[in-house]
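1. make a model of this:
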Amino acid sequence: MAPTPTGDGSSTNLLKPTPEQVTILWLIGGYMAGILILWQMPYLKHLLYPFKLVTIGLHEFGHACMACVSGGKVKSITVDPNLGGLTTYVGNRRTQCLALPAGYLGSSFLGAILVFCAFNVIASKGAAIMLILCLVLTIFWARNLLAFGVCLFFAGITGLLWWLDGGKYLKYFTLFLGVMSCIYSILEILDMLVLRKSNGSDAEQFAEKYGIFPAQGWGFIWLIISLIFLVGAVLAGLAAFKDDGAGNGAGTGQ
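-> Have a look, this model is predicted:
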């Protein structure tokens, strides 16, 4: 990207990170590495269990939200303790066409928004409001205790961190949930592509209804889109938030 002029006549590259942005980039990398390492490790993988559950809840919220937007009606959302979820809704063919991919794509898009907003304290508070709203709506549609409890717990934690010490730690929490949501979608799609776990998946149902590509083909397309969401969120955060919202700007040269 071409350099843009600053107020003092000098120029700066929009994608060149400030010291505060470097910290966020290290956090994103650390979160990703930690999630990938813990994902399948015996015993230690259970540390991610509650975060996997809330991510599944956000995945199901993606289905439900798109079903409503496309004219359908959501009947229920359930979250399984074995890391599965189910959204039931009624609607026309358009509703099914839009709602099926909205699980993976919706949760990865929501995660990307959280990552983008983590580059700015004020924006992260706005993202926290959005997250709480999504969780509350999921609670409204929840039809089993686990879905209700997980969403209520994480909505409460988000609200508590908003209040605690002026929201000082909020962006680190929402950033982790954002990275987790993006990584979860990507890893689940990769499992489907590599390990052929397509039976009963969103991609399998989509392929059966609309054809064109097999389940793995649709999974690959959704994977690329999810990666674009994540990379785009990081680049947009670098370009948009040279001041982190806490009085720490990029500074000017002497």
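
2. mind checking which helix or strand the residue nearest the centre of the chain is in?
-> The residue lying closest to the centre of the chain (Cα atoms, centre = their mean) is residue 111, at 1.7 Å. Secondary structure assignment for residue 111, by DSSP states H and E: helix 102-117.

3. and that helix, how far from the chain's centre?
-> 3 Å (Cα atoms, centre = their mean, to the nearest Å).

4. which strands and helices lie in contact with the helix or strand immediately after that helix in the chain?
-> Remark: after helix 102-117, the chain's next helix or strand is helix 121-141, criterion DSSP H and E. If you count contacts as 3 or more Cβ pairs under 8 Å, 6 or more residues apart in numbering; DSSP states H and E, helix 121-141 packs onto helix 49-69, strand 73-80, helix 102-117, helix 145-163, helix 170-194. To be clear about C-beta, it is placed using only N, CA and C from the backbone, and glycine gets the same treatment.

5. how about helix 121-141 as CSV, C-alpha atoms only?
-> Included here for helix 121-141 are C-alpha records, laid out as CSV according to Å, rounded to 0.1, in the frame of the first residue of the first chain:
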residue,chain,number,x,y,z
VAL,A,121,-9.8,0.1,23.1
ILE,A,122,-13.0,1.9,22.2
ALA,A,123,-13.7,-0.3,19.3
SER,A,124,-13.2,-3.4,21.5
LYS,A,125,-15.9,-2.1,23.8
GLY,A,126,-18.2,-1.8,20.8
ALA,A,127,-17.3,-5.3,19.8
ALA,A,128,-18.0,-6.5,23.3
ILE,A,129,-21.6,-5.1,23.1
MET,A,130,-22.0,-6.9,19.8
LEU,A,131,-20.8,-10.2,21.3
ILE,A,132,-23.1,-9.9,24.3
LEU,A,133,-26.0,-9.2,22.0
CYS,A,134,-25.2,-12.3,19.9
LEU,A,135,-25.0,-14.4,23.1
VAL,A,136,-28.2,-13.0,24.5
LEU,A,137,-30.0,-13.8,21.2
THR,A,138,-28.6,-17.3,21.3
ILE,A,139,-29.9,-17.7,24.9
PHE,A,140,-33.3,-16.6,23.6
TRP,A,141,-33.3,-19.5,21.0
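
6. next, the buried residues of it.
-> Neighbour-count burial for helix 121-141 flags 121, 123-125, 127-128, 131-132, 134-135, 137-139, 141 (criterion: 16 or more other Cβ atoms under 10 Å).

7. what angle do it and helix 170-194 make?
-> Angle, helix 121-141 to helix 170-194, by axes from the mean of the first three to the mean of the last three Cα atoms, to 10 degrees: 60 degrees.

8. so helix 121-141 versus helix 49-69, what angle?
-> Orientation of helix 121-141 against helix 49-69 (the same axes, to 10 degrees) gives an angle of 80 degrees.

9. distance from helix 121-141 to the middle of the chain?
-> The answer for helix 121-141 is 12 Å, by Cα atoms, centre = their mean.

10. what mean pLDDT does that helix get?
-> For helix 121-141, mean pLDDT rounds to 92.

11. what does stretch 202-211 give?
-> Mean pLDDT, stretch 202-211: 79.

12. buried ones in it?
-> Going by 16+ other Cβ under 10 Å, stretch 202-211 has these buried residues: 202-204, 206-207.
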